[in-house]
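Engineer: Structure for the following, please:
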Amino acid sequence: MATSPFLRRVLTGGAALGLAASLVLMASSGASAATEIDGPVKLGTAATYGVLASQAITNTGPTVVNGDLGGPPSSKISGFGGLPNGLVTGTVRTPTEAALAQQDARNAFNVAASLTPSGVDVSDLDNVGTLVPGVYSGGALNLSDNNTLTLNGNAQSTWVFQAASSLVVGTNTRILITGGASSCNVFWQVGSSATIQTSSQFQGTVLARTSVTAVTGATVQGRLIALDAAVTLDTNTITPAQSCPPPTTPTPTVAPSITSGTPTAATTGRPYSYTVTATGTPTPTFTATGLPAGLTIDSTTGVISGTPTATGSSTVTITASNGTGPADTQVVTVRVVAPTPTPTPTPTPTPTPTPTTPVPSPTPTAPAPTPTAGTPAGTTPTDSPTTAGVVSGNGRTPTGTLAFTGSDPTVPLGIAGVLLAAGIGLTVVARRRRAARV
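Structural biologist: Numbers count the residues shown, from 1 in each chain. Here you go, the predicted model:
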């Protein structure tokens, strides 16, 4: 598709500006700390060397190298041969003997450079505080005169410092390793040259792409290795740590992040507890400002607890920190309310049981006496009981009312009445019919 000259000029200018901006960002990128370490740095056969170089090793004064020294041809190694000149307590290696050590050192340089850093700016080593194990990087690393850099870990802890360009350790500086950690596992991977100034106390192995210079009176607990150029010494003491424990993969360092939300409401006069949570490695610790009266926070567990004494709302600032990256801060509102009155329950009346009326037992009926066969009607058998239950003595005449014989005359009399009425009716009808014929 054809474009106008004006449009072509705009596109060209935009591309140039984008390229320039990218270069500026690359050149000014800040230093950072590792979120993940890919593996330890292994020196192989280079571990026995105090000084290893490619082109030359030059010394002035009574330097002592407590380890092997070598790399360049013997004609390029000067200033040694015993006090008052330099002294090598190990072995001065020929180029052939040092070839494998140089290759191992180059592999270690590449491994250290490949580790992934992020998070903490260490270009200015003066103000980074105590550093936990991890990978730290920057464009040019600098520790100013009379300052101390503290590394805190254990015997297996590893620190890797990546300098895209140079490393400068100032006069009278000190690198302090605490917690049982060792200079065995401190590595300075330098993209160009490294300089250790006068009377500084340096720790760790320098793996410089070009040159390394130790100025008058500097001491090194570690190694000075120049891959492509020279090492220059002046009245120094260099002692590579020996019998180092095998390094392990350091725990990833992750800046803290608070994950809990707004604390629940508290009630005056009642115990309260709420846990602030946060992620990060190492485990974060907590502080809180502005808590209501009666409440405190446990710096280790993050538990806010206590018994609040007054109602109201408080603006509380919670901070989680772990020495890696910026601390995380959360501002929340904690409410304290009055207790809700507890209503007095109304007692439930106990129901009165309904009395049960007893059912009367049926009165037993005496069995009717059976009349004796053969007794004529209208006579009372001899010795029959009287109404009083006494039998008369003459055998004929009872002294009381006749006893019930068991026969009821009502039904026969009713039937007889019906038959009589029916007979009278039939007689009347018959007479009327005869009268009608006459």
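Engineer: what's near enough to touch Val132?
Structural biologist: Contact analysis of Val132 by C-beta atoms under 8 Å, 6 or more residues apart in numbering lists 152-153, 253, 282, 323-324. Using the backbone N, CA and C atoms, a C-beta is placed for each residue, glycine as well.
Engineer: now Asn110
Structural biologist: Applying C-beta under 8 Å, 6+ apart, no residues contact Asn110.
Engineer: how about the helix or strand that contains it: buried residues?
Structural biologist: Using DSSP states H and E, Asn110 falls within helix 95-114. For helix 95-114, a neighbour-count test (16 or more other C-beta atoms under 10 Å) marks 98, 101-102, 104-106, 108-109, 111-113 as buried.
Engineer: Relative to Thr342, which of these is nearest.
Structural biologist: When those are compared for distance to Thr342 (C-beta to C-beta), Ala112 wins out at 67.6 Å.
Engineer: which ones are touching the closest one?
Structural biologist: Ala112 neighbours (C-beta under 8 Å, 6+ apart): 41, 160, 162, 187, 189, 207.
Engineer: One more pass at 6 Å, please.
Structural biologist: For Ala112, the contacting residues are 41, 160, 187, 189, by C-beta atoms under 6 Å, 6 or more residues apart in numbering.
Engineer: Which residue, other than its chain neighbours, is closest to it?
Structural biologist: Take Ala112 and drop its neighbours on the chain: the residue closest to it by C-beta to C-beta, 6 or more residues apart in numbering is Gln189, 3.8 Å away.
Engineer: which strands and helices sit next to the helix or strand hosting the one you found?
Structural biologist: Using DSSP H and E, Gln189 sits within strand 186-190. If you count contacts as 3 or more C-beta pairs under 6 Å, 6 or more residues apart in numbering; DSSP states H and E, strand 186-190 packs onto helix 95-114, strand 159-163, strand 201-208.
Engineer: Give me the sheet partners of the helix or strand that comes right after it and which way each runs.
Structural biologist: Downstream of strand 186-190, the next assigned helix or strand under DSSP H and E is strand 194-196. Paired neighbours of strand 194-196 in the sheet (DSSP bridges): strand 167-169 (parallel), strand 212-214 (parallel).
Engineer: thinking again about what came up before, PyMOL command to pick out the buried ones of the contacts of Ala112?
Structural biologist: Remark: buried members of the contacts of Ala112, expressed as a PyMOL selection using 16+ other C-beta under 10 Å:
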select buried, resi 41+160+187+189
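Engineer: okay if I get the strands paired with strand 194-196 as TSV plus mean neighbour count and distance to Thr235?
Structural biologist: As requested, these are arranged in TSV below (neighbours: other C-beta atoms under 10 Å; distance: least, C-beta to C-beta, whole Å):
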stretch	mean neighbour count	distance to Thr235
strand 167-169	24	16
strand 212-214	26	9
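Engineer: Nearest to Thr91, out of the ones you listed?
Structural biologist: It is, among those and with distance given as C-beta to C-beta, strand 212-214, at 20.0 Å.
Engineer: The closest one: what's the following helix or strand?
Structural biologist: strand 219-226.
Engineer: Parallel or antiparallel, which strands does the helix or strand following that following strand pair with?
Structural biologist: As assigned by DSSP H and E, the chain's next helix or strand after strand 219-226 is strand 231-234. Applying DSSP bridges to the sheet, strand 231-234 is found paired with strand 57-60 (parallel), strand 212-214 (parallel).
Engineer: what's the neighbour count on the closest residue to Gly306 other than its chain neighbours?
Structural biologist: If the residues on either side of it in the chain are set aside, Gly306 comes closest to Leu295, at 4.2 Å by C-beta to C-beta, 6+ apart. If you count neighbours by other C-beta atoms under 10 Å, Leu295 ends up with 22.
Engineer: need the contact list for Leu295.
Structural biologist: Neighbours of Leu295 in contact, by C-beta under 6 Å, 6+ apart: 304, 306, 308.
Engineer: what's the spacing between it and Pro351?
Structural biologist: Counting by C-beta to C-beta, to the nearest Å, the separation of Leu295 from Pro351 is 50 Å.
Engineer: next one: Thr296
Structural biologist: 54 Å.
Engineer: who's more crowded, those two?
Structural biologist: With neighbours defined as other C-beta under 10 Å, Thr296 and Pro351 compare such that Thr296 has more, 11 against 6.
Engineer: what residues are up against that one?
Structural biologist: Contacts of Thr296 (C-beta under 6 Å, 6+ apart): Gly306.
Engineer: partners of it in the sheet?
Structural biologist: Beta-bridge partners of Thr296, as defined by DSSP bridges: Ser305.
Engineer: what's the following helix or strand after the lowest-mean-pLDDT helix or strand in the chain?
Structural biologist: Counting by mean pLDDT, DSSP states H and E, the chain has its least confident helix or strand at strand 32-36, which shows a mean of 38. Where DSSP H and E defines the elements, the next helix or strand beyond strand 32-36 is strand 49-52.
Engineer: just checking, what packs against that following strand?
Structural biologist: strand 219-226.
Engineer: Report the buried residues of the strand it packs on.
Structural biologist: Quick answer for strand 219-226 (16+ other C-beta under 10 Å): 219-226.
Engineer: Report the secondary structure state of Thr333.
Structural biologist: strand (DSSP: H, G, I helix; E, B strand; the rest coil).
Engineer: partners of the closest residue to it other than its chain neighbours in the sheet?
Structural biologist: Leaving aside its chain neighbours, Thr333 sits nearest to Ser313 (5.5 Å; criterion: C-beta to C-beta, 6+ apart). Counting by DSSP bridges, Ser313 is bridged to Arg335.
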